[in-house]
Structures are given as structure tokens and as C-alpha cells.
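K.L.:
quick one, what's the 3D model for this:
(2 chains)
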Amino acid sequence: MSHPRRFGPGRLVSGALVLLIAALVVLAAAGVVRAAGDSGQAAAASKRGGTITVLSAGDVDHIDPGAAYYQFTYEITYATQRPLLAYKPSSIKPSLDLAAAMPKYSNGGRTVTVTIRRGVRFSPPVNREVTSSDVKYAIERGFATSVANSYASAYFGVIVGAPASGTRSVPNISGIRTPNRYTLVFHLKRPSGVFTYALAQPLTAPVPEGYARKFDSETLSTYGTHQVATGPYMIKANASGSINGVGYKPGQLIQLVRNPNWKASTSWRPAYADQVLFKEGFQDPTVQARTILSGGADVNGDTPPPAAELQSIVSNPSQKTQLVFTPAGGSRYVALNTSKPPFDKLLVRRAVAYVLDRNAMRLTRGGEIDGRIATHFIDPSFGTYGFTQAGGLTFNPFPSAGSAGNVAKAKALMRQAGYANGMYSGPQITMVADSTPPGSNTAQVVANGVAKIGFNVKTISVTHSSMYTRFCNVPKNEPNVCPNVGWLPDFHDAQAILDVTFNGKQILPVNNSNWPQLDNAKINAEIAHAEKILDPAARAKAWGEVDKQVTQTAAAVPWLWENWPSLYSKRVTHASERWNGGAPDVTFMAVAPS
Amino acid sequence: MATRPATDPPVPRVAPARDGGPPLTAPGALAAAASSSLLRYVLRRILWGAFILLIVTALTFVIFYAFPSADPAALRAGRSATPQLIAEIRQSLGLDKPLYVQYWRFLKGLVLHFDLGYSYQNQTSVRSELFARLPATISLTAGAFVVWMLVAIPVGIVSAVRRRSLVDRAVMGGALVAISAPVYWLGLLALFLFSNDIGVVPLLPGAGSYTPFTVDPWRWFTSLLLPWFVLAAAFAAFYARMVRGNVLEVLGEDYIRTARAKGLPERDVVFRHALRSALTPIVTIAGLDIGILLGGAILTETVFNIPGVGRYAYDSIVNADLPAIQGTVLFGAVFIVTANIVVDVLYAFLDPRVRY
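P.N.:
I've put the predicted structure just below:
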């Protein structure tokens, strides 16, 4: 996946089977996860205090909340910042956070009005009350190259006056108005079916212009290392507000302490712990998992326990309740480059879709425990937001026994495509894959699979980030096969899954995420139609149909709807997952006194 | 036959007169000439070292761009960024400029302000990060050096003195195993066996437990014990084999035979005569190894999660963070080049022939 980003919750859905899966996931989580409001004031008071320790292999992508775009970073961002909307545990719908009321749409969906809460204050050294201008500035700075928020154009580019691309300085966006201290009015160029979800992104967390502008005027903004908080926690800072070397030691530690200006009465976050330590640099996932099991830390932040550890934990009755699986919300797939032979032919692609041993591919990541084998792109956690409409678990256009591949069917399709004996006889094909497991193992299974219908694969092994930024994201460098790609949505609207990834209009010369380079006029038209639908039911139906059609092109072969495992220590008495996000929400975690 | 006194240096060396040079007769003139030639030699070595550093920085640039590392502008921009935004970022970071321009800017900043730039990922000063992490790397290196020398010298001597004995064979066999064991594997093994959180026999603090000396000296010491032993293992084995070989070689020298013929006790022969000669090349190589390790013991620091220069290098490479990569490579090169110069100067001091 482009980043291990796991967003947004999924809702329990109609369809008995899907309901059952969701119920199982909830039950699996039940050992440690309890709803936030199940315990009353007295119980909440008893959970207060202590330090939560989160382990991670790497650092945040950007410490600046305006640039953050990585699920691990969001664990910190949502604990320290208050966007207009945010997700409560076990909910896929955004709830009010800084906003005092849900956005009101008028003018045919082109005007969106949001009021913000009174009494929310910035942490020291700013200390003053948050106003609507602070939200306006926060969104505007996302367009400045010094901040370079990567989703600003995608979701906020629809605002009147928003720049088409990055600007050298923070722009003044005319379509964001602040008629008074507590009201924001967004004027949109056209109705947007995903704008409410966009308001739950961290970019809408307020930033005080007077304080931040000097940092934002640098080539790369240093506001991140001088940030102020509005959430229950703040990154520990010195008197002048700098967190660098104080509460933020890159690659080593991020220390969250209580924000003295946060008022519990304005927020639904319980924020039990007094302190949260994100200890970074735990590169070995086995060491990380065992440290948590031994009580040396409380939860994994950015790295799941390895497959062998997961199996061991699940088979140990005293440990298995410490493990919580949450649907990640997206899918992993093999992208076949449709822009050049041999995968410009539908029949050849379908032959590959039939021949791949998806079960073996899943085993490279841990097997059944890691998630369900994907048969299309919208994840089951979407439920009635598109998954059901796409055919749910019954839609599988390329079935095979045990999902192990159907060689006979694949060869028959190859014969139809003009290859005698059902075996490919053209030149060697290229594949760019991860150089390290599990991606490298998955790629090997793919190579072995297509070899059954005659493909000789030349594999180029590079780092995961190079695979994307130098090869699979750059059409002119793209190989025939990208076996290690995947997509996790920013929120639970199917547009976030299918638009940039399969819309022919979204093929870009660099940073392209339509990896198969699928440019199908019919599908493009259906996507364009679905994007404009505002009615939730009609919207889900339209996107479900798009999912079916994309899957049938076999431009990409989905193989895993992944679960994200969180491993909690035994001293964690109260934990909540962000539904489908998977990552722990530290503002809902409590620990027993040491 | 005249015998050399036992206290003589093992290999008496005299600086040969330069061809065509003035006869150096007066002791003062001799000393002045020697001092001047040493100074010239040191200056030459420093200039040569600077040139090497220049080459290293240039090579780092070329390698970063020539090999398929991730595109820093695309990484900075993120998944959903438009090509225009990536282009803007490339421009604002100066990544759109020709390679030589970027290199010149880097050099200018480095020479004029000792500025290594700012990390693309977290906008922190690379120089500050490196200096903040240096104490951890020095702690790791110094402790490991002490451990490996304390192990290697006695083991090497015993093996040499008891050549082909059972002890010799056992110790040298063990050394071979230690040299062959990858540090990463050995580190994990040590953690799973002896760390006090996940170890089978919980003895010592495990990964991520590093505590700076200034915060708590005792915790600093205990947190580094496992990393010291792991890092020292391969070095100790290698050095033990080297000590053994050198001692054996020296024990075959004429003056050792003479010393023995004079009736000196074997202990004096080994420790006062053989060992002094045998250790000279060891110290030289140790100097270089320390230089290399001060540049960052990447694997050990990564396995034990020690926030040193090596870990910083690892993180920088993973994140394609060019300024940080450049800084860590240069930092490592400085230590290696400095160690080389120190060793060369020491050699020149000890053996005047190398000055010319």
C-alpha cells in the first residue's frame, strides 16, 4: 500500500454473512475493548492517570498536523489536535469535534456552513481561544509548498478560490469566509459528496496564524516543531513552544502530556492517561510484540506483530485476549499494466486473475488471521456504503477452489486470446517488487503463478517506497506487473477507494495511483456520475456498480482485505480501536496503575 | 657475536638521509628538520583527508541519484499530491536544479557555516541531530572497544603461547564462529536470551533501554552491556586471531631467540618483548575500527534501538532523506579519515621514513 494508512470506521451492515464477520471481529476485540461510555463517571475516574507506552518501528511521516498523512501519525494528531469533525471509536460516521454542529449544506450543496465550539483554547504559549479564522488559516496553509498537505487539493480543491496546486506562500482562499468568530462558510465550486468526510481530516485542526506564519514562511515550515495543541494532550514543549528535543526526538520519542488548556466539558474524549510515550526505533516486530506481551509497553503503533507471533498469540489462551483485529478498510492487489502488451488484452488479464493462488499470497502475510481473501475492491467494513451493493462476499468473478487458482480456466482464456496450448509465448515481462518480506514473498508467489501460463517474469527488487515513487507511480517507468500495491481509503466513502485508483482521468505522469492505468470510457463515465450523487443510498449503489465493473476488467487482481492487529499489554484496562482504522486511539486507553 | 641488550627496541630503525640533502649533523638541526618534515607530512595528510571527504560527499550525491532510491519530493508530497505540487516541492527544495548546482550549494553551506541542511522529513537540523546522537555512539563504541581488547589480547596471547593445544584450537574455533555470526542475528539472540523484558534468562536491560550517562550513569552502564558484548564479539574474535598471529610471528624473531638464550623468564620474553611488537599493528587497526564505529554502528544501534548516529543513518536511508543521508555519510567519513590521519601521524612519529 502506498502508506500503511488505515482510516475510518466501518458500520455493521446488512447481509447476514457480513454481519457475522463484523460480529466476530467485535467479539475478538471484546477481551480488551469496551465502549467508551460503558462505565460511568466513577469508573472513569478510577482509570485516570498513568502512562501509556506505544512502540513503533519508525517515526511519524510529518510532525506538522497540516502535513500529516499516515495512520501512525494520526495516533498523535487526533490526540493533540481537534479537527472540525473526528471519529469516535466504533463509528464510521464523523462526529463533532471542534465543530458545534454538523455542517449545513445549502445552495444546492455549494455552500457549507460550520459553527465551532466556544471555549476551546490553544495550548501554551498561545493560550487564546480558537476562532473560525484559525480553521481557515489551517486549511489555507495546507496549500503552501512549505506545508504541502497531500490531500488538500483532492478534498479542499473544490473550494472557490483554492489554488490548483501548491503556492509559495500561504494563499488567501476566497471561498472560505469567517462571518464571525465562531462561524465558517465554505463556498464550493460544485457539490461534493465527500466534503463532510474531508472536514474530519487533520487539516481542519485550527492553527493560529499570528503564531504560525513565521514558521510557515520558511522553505519547509517548522510549525510542526513549534505546534500548539487543542486536544487533550500536547507534545511536551519548552517555554517558547518548541517541541524539538523536548517532547519530540525524531526517530526516538514523542512524549504527550496533558494540555493544560483543554476542557473535558468540550470534548467526548476521556483522555484517561496522564502521559503517552511513543517509543520509536523498535525495528524488529518480534521484539516489539514480545516487549508488549511482557508488559514492557502497552500497544504496537505502526508495526503489526509478525505472522509467527500472531499464530503463537492466538493459540495461547492467556494471550489471545490481548490481540484485537480490526478491518483495515482497504485491499491489497496486483496491478497489471493495461497500457502495453500483453496486459492490454482483457482475456490475458482475466487468465492471470484466474491463475493466481490468492491463498498462497495471503499466506505470505500470515494467512487467514491477516484477513479475508478479497474478490473485489470495496472492503467488507464499508457494509451498506458500497460493499453490499458491489455484491458483498458473493461477488467473485474469478473463483477457484480454495482460492488456489484455476490453471485450466486460465489456459482456456489464454487460448481464446490467441496463445496456442494456453501458454504465453511473447517476450519476458517485468515486475517491480518489494525487496523485503512479506512483499518479496508475495511477488514470488505471483511470479510462480503466472509462470503456469507461460510468463517468464523478470523481477526488479527495490525498497517499498522506491517501488512506488520511482516505478509504479510513474507510468513511463511502470513495469508490466506491480504485485505489492494496495489502497486504504481516507474515509468510508467508496469514492475514496475507486476514484483515483481506477479512473482514467486520474492517470498522472508522476505520483499516479491508477497503477493499472485503466482508462475505460464506460467506467470513467460511471465514476463521474457517481461522484455527483449526494443521496447516500443512490451513491452507494452507483459505487458498488463501479466496483463490479472494475473488478471484471481484471486490470488489478485483489487478493486481501486486510485486518490490522493491535496487541495490548495486560495492564491496559480500557482500549478502543478506531473502527477500521485499527490503530489504537490513545485518548480512549487506560492503564492499570503500575 | 655481539648481542643486543634485551631492552632494545625490537626493530631499530634509522631515518635514511634524503638523496642530495644536506648532511644533518648537529642534533638541533636534526631535530628541527625532523619537526619540519613531520609538520609538512601532517599538513599533506590533512589536505589529502579533506580531498577524500570531498570525494565522499560527491559520491554520496551521485549514488543517491543514480540508484533507484525513492524520490524525496514525491515522498514529501505524499500519496494524493498532484504532480504540480510535487514539482513545486522539488523546486522549493532545489531538487530540480542540476546535480552540480545542488552539490555546490551543499558544499557552500558545509564549508561556510558547517551547515548540513535540514531533514526533509521532520525539518530538524541534521547537524544538531548528529551531535545529539553522538554521545550514544561514542558510549557504544568505547565500551565495545574496551570489551573486545580485554578479551582479544589475553586470548590471542594464550593461543599463541599454547599453539596447537586444545585451548588454542577451541578458542580459535570459537573466534571463527564469532566472526561468522552476523551482528543482527547475534543481537536478537542476546535479546531473546538475556534481556530483562523478553529474555529467557532476564539479566540485562533490552532494546530501547539506552539511558544517557548524564541522566543515570548506572542505567547507562547496564543498558549498554548487551550491545557492548554483541558489538565486541566479532571484533574480539578477529583481534584475538590477529594477536595470536602477530605474537607467533614475533616469537620467531632473532631477538626473541636471543632474549631466551640470555635466560630471560618466558613471561618477560612474551610480555616485555614479543607483545610490544605484536600490538603495534593491532593498535593501528583498532584506531581505524574505532573511527568506523564512531561513524555509526548501524546494525547494533538498530537492533538495540540505541539512538546513535548509526540509527539515524538507517532511518535516513529508509526515508530517502537526502540531507540526513549526506550528513551521516560525511560524519562517518570524517571519523574514518581523522582516524587514518592520526594513525599516519603516529606512524610518522614512530618511523620517520614514512614522512618522505
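K.L.:
quick check: residues of the stretch 401-550 of chain A near chain B?
P.N.:
The stretch 401-550 of chain A has residues A:462-463, A:465-466, A:468-471, A:473, A:500, A:508-511, A:513 near chain B, with proximity defined as CB under 8 Å from any CB of the partner chain. No exception for glycine: its C-beta is placed from N, CA and C like everyone else's.
K.L.:
just those residues: which are in helices?
P.N.:
Secondary structure assignment by DSSP state H places A:Ser465, A:Ser466, A:Val500 of those in helices.
K.L.:
in the chain, which helix is the longest?
P.N.:
By default, I'm working from chain A. Ranking each helix of chain A by length (DSSP H) puts helix A:536-553 first.
K.L.:
the intended chain is chain B.
P.N.:
Longest among the helix segments of chain B by residue count, using DSSP H, is helix B:27-66.
K.L.:
neighbours around the residue of chain B found nearest chain A, how many?
P.N.:
Ranked by CB to the nearest CB, the top residue of chain B for proximity to chain A is B:Gly78, at 2.7 Å. As a burial measure, the neighbour count of B:Gly78 was computed by other CB atoms under 10 Å in any protein chain shown and equals 25.
K.L.:
so how many other residues sit close to B:Arg241?
P.N.:
Going by other CB under 10 Å, the residues that sit close to B:Arg241 add up to 20.
K.L.:
show me what contacts it?
P.N.:
B:Gly156, B:Met172, B:Ala175, B:Ile179 (CB atoms under 8 Å, 6 or more residues apart in numbering or on different chains).
K.L.:
what about chain B, any weak spots by pLDDT?
P.N.:
Within chain B, the stretches falling below the threshold (pLDDT under 70) are B:1-34, B:66-70, B:350-356.
K.L.:
show me where the stretch 101-250 of chain B has its helices.
P.N.:
For the stretch 101-250 of chain B, the helices defined by DSSP state H, counting those that start in this stretch cover B:126-161, B:166-180, B:183-194, B:217-251.
K.L.:
what comes up buried for the longest one?
P.N.:
Just to be clear, that refers to helix B:126-161. Counting neighbours by 16 or more other CB atoms under 10 Å in any protein chain shown, one finds that the buried residues in helix B:126-161 are B:126-127, B:129-130, B:132-134, B:136-141, B:143-145, B:147-149, B:151-153, B:155-161.
K.L.:
contacts with chain A among the residues you listed, please.
P.N.:
Checked against chain A using CB under 8 Å from any CB, these give the following subset in range: B:Glu129, B:Ala132.
K.L.:
three-state assignment of the nearest residue to A:Gly402 once chain neighbours are set aside?
P.N.:
Nearest non-adjacent residue to A:Gly402, counting by CB to CB, 6 or more residues apart in numbering or on different chains: A:Asn359, 5.7 Å away. Using DSSP: H, G, I helix; E, B strand; the rest coil as the criterion, the local structure at A:Asn359 reads helix.
K.L.:
isn't A:Asn359 right next to A:Ser403, touching?
P.N.:
Yes. At 4.4 Å, A:Asn359 and A:Ser403 qualify as touching, with contact defined as CB atoms under 8 Å.
K.L.:
coming back round to it: what angle sits between the very next helix or strand once past the longest helix of chain A and helix A:536-553?
P.N.:
From helix A:536-553 onward toward the C-terminus, using DSSP states H and E, the following helix or strand is strand A:556-567. Angle between the axes of strand A:556-567 and helix A:536-553 is 120 degrees (criterion: axes from the mean of the first three to the mean of the last three CA atoms, to 10 degrees).
K.L.:
so is strand A:556-567 next to chain B?
P.N.:
No. Contact of strand A:556-567 with chain B (CB under 8 Å from any CB) is absent, the minimum separation being 13.2 Å.
K.L.:
can you give me how far the helix or strand just after that strand is from the chain middle?
P.N.:
Using DSSP H and E, the helix or strand that directly follows strand A:556-567 along the chain is strand A:572-574. What separates the centre of strand A:572-574 from the centre of its chain is 25 Å, taken as CA atoms, centre = their mean, to the nearest Å.
K.L.:
so what are the sheet partners of strand A:572-574 and their directions?
P.N.:
strand A:590-591 (antiparallel) (DSSP bridges).
K.L.:
identify all contacting residues around the strand it pairs with.
P.N.:
When contacts are defined by CB under 8 Å, 6+ apart, strand A:590-591 is touched by residues A:47-48, A:50-52, A:270, A:272-273, A:298, A:569, A:571-575.
K.L.:
emit the PyMOL select command for whichever of the residues you listed are buried.
P.N.:
Applied in PyMOL, the following selects the buried portion of those according to 16+ other CB under 10 Å:
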select buried, chain A and resi 47+50+52+270+272+273+298+569+572+573+574+575
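K.L.:
just give me the closest of the contacts of strand A:590-591 to chain B.
P.N.:
A:Ser569 (11.0 Å).
K.L.:
ok, that closest one touching A:Ala289?
P.N.:
No. Look at A:Ser569 against A:Ala289 with CB under 8 Å: they stay out of range, at 10.8 Å.
K.L.:
contact partners of stretch B:282-297?
P.N.:
Residues external to stretch B:282-297 that are found in contact with it (CB under 8 Å, 6+ apart): B:134, B:137-138, B:140-141, B:144-145, B:149, B:231, B:235, B:239, B:242-243, B:246, B:308-313, B:328, B:331-340, B:342-343, B:346-347.
K.L.:
most distant residue from the middle of chain A?
P.N.:
Note on chain A: the largest C-alpha distance from the chain mean falls to A:Ala420, namely 43.7 Å (CA atoms, centre = their mean).
K.L.:
and the gap between it and chain B?
P.N.:
37 Å (CB to the nearest CB, to the nearest Å).
K.L.:
need the residues of the stretch 151-300 of chain B near chain A, please.
P.N.:
Taking CB under 8 Å from any CB, the part of the stretch 151-300 of chain B that reaches chain A is made up of B:Leu188, B:Leu191, B:Phe192, B:Asp197, B:Ile198, B:Gly206, B:Ala207, B:Gly208.
K.L.:
for the closest residue to the second one other than its chain neighbours, list the residues it contacts.
P.N.:
What it means is B:Leu191. Beyond its immediate neighbours in the sequence, the residue positioned closest to B:Leu191 (CB to CB, 6+ apart) is B:Gly206, lying 5.3 Å away. Residues in contact with B:Gly206, defined by CB under 8 Å, 6+ apart, are A:Val287, A:Thr291, A:Gly296, B:Leu191, B:Ser195, B:Asn196, B:Asp197, B:Ile198, B:Gly199, B:Leu226, B:Phe304.
K.L.:
from those, pick the one nearest A:Pro260.
P.N.:
Of all the contacts of B:Gly206, the one sitting nearest A:Pro260 is A:Gly296; the distance, using CB to CB, is 29.7 Å.
K.L.:
model confidence for the closest one, exactly?
P.N.:
Looking at A:Gly296, its pLDDT stands at 92.
K.L.:
what's the spacing between the closest residue to it other than its chain neighbours and A:Arg290?
P.N.:
Nearest in space to A:Gly296, with sequence neighbours left out and distances taken as CB to CB, 6+ apart, is B:Asp197 at 3.9 Å. Taking CB to CB, to the nearest Å as the measure, B:Asp197 falls 8 Å from A:Arg290.
K.L.:
which one of the two has more residues nearby?
P.N.:
Counted by other CB under 10 Å, B:Asp197 and A:Arg290 do not tie: A:Arg290 has more neighbours, with 23 against 20.
K.L.:
is A:Ala410 in contact with A:Lys452, as I believe?
P.N.:
Yes. The pair A:Ala410 / A:Lys452 is scored as a contact, 7.2 Å apart, by CB under 8 Å.
K.L.:
so what sits against both of these two?
P.N.:
By the contact definition CB under 8 Å, 6+ apart, A:Ala410 and A:Lys452 are jointly contacted by A:Val355.
K.L.:
neighbour-wise, which of these two wins?
P.N.:
Neighbours around A:Ala410 and A:Lys452, counted as other CB under 10 Å, are more numerous at A:Ala410. The numbers are 25 against 17.
K.L.:
mean confidence score for whichever strand or helix holds the more buried one?
P.N.:
Taking DSSP H and E as the definition, A:Ala410 sits inside helix A:407-416. For helix A:407-416, the per-residue pLDDT values average out at 98.
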